[in-house]
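J.: 3D model of this:
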Amino acid sequence: MVRDKKLPSRLLLGGCIAIFATAVVVAIAGQGPRARTDVRVGVAPTPFSGSDGQTHLAYELIVTGVSGTKGALLERVEVFGELDPEPLLSYASADLNERVMRPEADPKGRYGRLVPNGTTALIHVWITLATDRAVPRTLRHSFAFLADDGTEAVAGDARVDVHSAMLLVVGSPFPAGTWSVHNGPGQHRSAHWGSALVDARGARIPQRYAIDFIGVDENGSAVRGDFRKSTNQDWIGFGREIVAVTDGVVHAARDGLPDNQPLAEPPAPSSPSAADTYGNYVIIAVDDRTFVHYAHLQRNSVAVKAGQVVRRGQVIGRLGNSGNTNAAHLHFNITDGPSPEAAQGLPFVFDAFESLGKTTADQVVGAESSSIPPRFSPSKRGKGLPLDGTIVRFP
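T.: Numbers count the residues shown, from 1 in each chain. Purely as a prediction, here's the structure:
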């Protein structure tokens, strides 16, 4: 299976640092020895439309086991809209074992609902609103922890305002082709949303909405022939043109680094910076708080330079396999700052695309059988953000 080769989890590995915004502290006092646990709501979520046609909110709760016990064992987390008596969602213990992540822990034991003393954990919250449900202006949260003596401690009313800013609408990063969305929005354990660093300032996730685009053919295959014996030229997307999705000014660009061999694991990067992870890349500034990132470009293909004005649809490079990656793809991301280690990821929407179905990384590389469903009608084409596992075609 491809997962034995670690392809799905390592198409891009990144990290980041963050600052708490709209933070609220909840103190949980358990029975027996006094225990204090801080729960903070991080960056205010911004609603966006996904490729499923529904409205979503993605954000993180930051939990810190401070003192008095072995740690905080999460039992339940509920999220309510404004004055709603019923929760929009409820995570029980089994859900929390999959959604509570300690960035500082060893990758093999990073997930689990126990937050030991002196550590910080992130709870990935993904809300899908019902089609008839208006976007709430405020979210409030209820938390249940299991104390050392076995009793349950409950607290709530941590609130965060939902951000109502207009989303950046962008064009396609490709002039043509069909693409598999890997490590995309909605996949909290991906190398993107699951990538975070925590320090004294908080936690930052630049890749919260990042996408790895893998080129596929009309059958949904990313590789010609046996992927285990493939070269870069066997990958459908390798060498395809990449274009600017919006007007802007090139903030930074790099070229000249070699493309990796497919499935060859690169050494761990020394930092999450663009210099250590992106390979050949282009970063375009839309304004002073919006930056579009294109990473892992093909060697000797970067067609723009820092300071250059670019227009939407202009060719800026070709898809490659350079940097911290083991397969040909485009890492695409939009952030509020130019440095991938010191920015927050911003939601965005493409102005038009056609959703062709769902798939997995194992299927697109040929480890499992796959086929694209019959062509959908133009009604499937619309404004939104493609979710993880979606196959898309841009007009």
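J.: can you give me the helices in this protein?
T.: With helices called from DSSP state H, the chain shows them at 7-10, 93-99, 274-277, 361-365.
J.: Deepest-packed of these, please.
T.: helix 361-365 (a mean of 24; mean count of other CB atoms under 10 Å). Backbone N, C-alpha and C define where each C-beta goes, glycine included.
J.: related to what we said a few turns ago, closest to residue 203 out of the helices of the chain?
T.: Nearest of the helices of the chain to residue 203, taken as CB to CB: helix 93-99 at 14.7 Å.
J.: which residues are in contact with that closest one?
T.: With contact meaning CB atoms under 8 Å, 6 or more residues apart in numbering, helix 93-99 is reached by 74-77, 91, 111-113, 123-125, 188-189.
J.: got CSV for those, with distance to residue 166, neighbour count and pLDDT too?
T.: Below are the contacts of helix 93-99 laid out as CSV (distance: CB to CB, whole Å; neighbours: other CB atoms under 10 Å; pLDDT from 0 to 100):
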residue, distance to residue 166, neighbour count, pLDDT
74, 35, 28, 90
75, 38, 17, 91
76, 35, 19, 93
77, 30, 27, 94
91, 30, 24, 97
111, 34, 19, 93
112, 38, 18, 93
113, 36, 25, 91
123, 28, 24, 93
124, 25, 23, 94
125, 22, 22, 96
188, 26, 21, 89
189, 30, 15, 87
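J.: Which one of the helices of the chain lies nearest to residue 321?
T.: For residue 321, the closest of the helices of the chain is helix 7-10, at 12.1 Å, according to CB to CB.
J.: now that closest one: mean pLDDT?
T.: Per-region confidence: helix 7-10 scores 34 on mean pLDDT.
J.: before we move on, what about stretch 319-336?
T.: Mean pLDDT, stretch 319-336: 97.
J.: start the count at 753, not 1, going forward
T.: All set: I'll call the first residue 753, so the last point we hit is now stretch 1071-1088.
J.: That one spans what distance, first to last residue?
T.: End-to-end distance of stretch 1071-1088: 24 Å, with CA to CA, to the nearest Å as the criterion.
J.: Flag every buried residue along it.
T.: Buried residues in stretch 1071-1088, counted by 16 or more other CB atoms under 10 Å: 1071-1088.
J.: Distance to residue 957 added to the helices of the chain, as TSV?
T.: Converted to TSV, these look like this (distance: least, CB to CB, whole Å):
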stretch	distance to residue 957
helix 759-762	17
helix 845-851	14
helix 1026-1029	15
helix 1113-1117	21
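J.: Quick one: closest of the ones you listed to residue 966.
T.: Closest approach to residue 966 among those is made by helix 1113-1117 (5.9 Å; CB to CB).
J.: Go ahead and measure how far the closest one is from the middle of the chain.
T.: Counting by CA atoms, centre = their mean, to the nearest Å, helix 1113-1117 is centred 19 Å from the centre of its parent chain.
J.: C-alpha coordinates for that helix, CSV please?
T.: Taking Å, rounded to 0.1, in the frame of the first residue of the first chain, the C-alpha atoms of helix 1113-1117 are listed here in CSV:
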residue,chain,number,x,y,z
ALA,A,1113,-4.0,9.4,-2.5
ASP,A,1114,-3.7,5.6,-2.7
GLN,A,1115,-6.2,5.5,-5.5
VAL,A,1116,-4.7,8.3,-7.6
VAL,A,1117,-1.2,6.7,-7.5
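J.: Let me know the closest of the contacts of helix 845-851 to residue 1139.
T.: If you rank the contacts of helix 845-851 by distance to residue 1139 using CB to CB, residue 940 comes first, at 12.0 Å.
J.: distance of residue 1133 from residue 1107?
T.: Distance from residue 1133 to residue 1107, counting by CB to CB, to the nearest Å: 8 Å.
J.: Show me how this structure divides into domains.
T.: Taking automatic domain parsing as the domain assignment, the ranges for the chain are 762-913, 920-1145.
J.: Deepest in the core, which of those is it.
T.: domain 920-1145 (a mean of 20).
J.: okay, how far is it across that one, tip to tip?
T.: End-to-end distance for domain 920-1145, by CA to CA: 20 Å.
J.: distance between it and the chain's centre?
T.: 11 Å.
J.: Distance from the chain centre to the longest strand seen in the chain, please.
T.: Identified as the longest strand of the chain according to DSSP state E is strand 807-819. Averaging C-alpha positions (CA atoms, centre = their mean) puts strand 807-819 15 Å from its chain's average.
J.: and it, average pLDDT?
T.: Strand 807-819 comes out at a mean pLDDT of 84.
J.: Repeat that for stretch 881-892.
T.: 92.
J.: mind checking the end-to-end distance for it?
T.: Stretch 881-892 end-to-end distance (CA to CA) = 15 Å.
J.: Then stretch 1055-1062?
T.: 11 Å.
J.: Among the contacts of helix 845-851, which one lies nearest to residue 891?
T.: Minimum distance to residue 891 across those is 8.7 Å, recorded for residue 877 (CB to CB).
J.: Test my guess that the closest one contacts residue 831.
T.: Yes - counting by CB atoms under 8 Å, a contact exists between residue 877 and residue 831, whose distance comes to 6.4 Å.
J.: and for these two, which residues touch both?
T.: By the contact definition CB under 8 Å, 6+ apart, residue 877 and residue 831 are jointly contacted by residue 841.
J.: who are the neighbours in contact with residue 1057?
T.: Residues near residue 1057 by CB under 8 Å, 6+ apart: 1002, 1005.
J.: What distance do you get for it to residue 1004?
T.: 10 Å.
J.: Looking at the helices of the chain, which is nearest to residue 1094?
T.: For these, the distance to residue 1094 is smallest for helix 1026-1029, at 10.7 Å, taking CB to CB.
J.: and of the helices of the chain, who's closest to residue 897?
T.: helix 845-851 (10.7 Å).
J.: pretty sure residue 801 is in contact with residue 1135, am I right?
T.: Yes - counting by CB under 8 Å, residue 801 touches residue 1135, with 6.6 Å between them.
J.: Find residues that contact each of the two.
T.: Common neighbours of residue 801 and residue 1135 (criterion: CB under 8 Å, 6+ apart): residue 1101.
J.: Give me the local confidence score for the nearest residue in space to residue 939 that is not next to it in sequence.
T.: Nearest residue to residue 939, sequence neighbours excluded (CB to CB, 6 or more residues apart in numbering): residue 1140, at 3.8 Å. With respect to pLDDT, residue 1140 has a value of 96.
J.: Many thanks, we can stop here.
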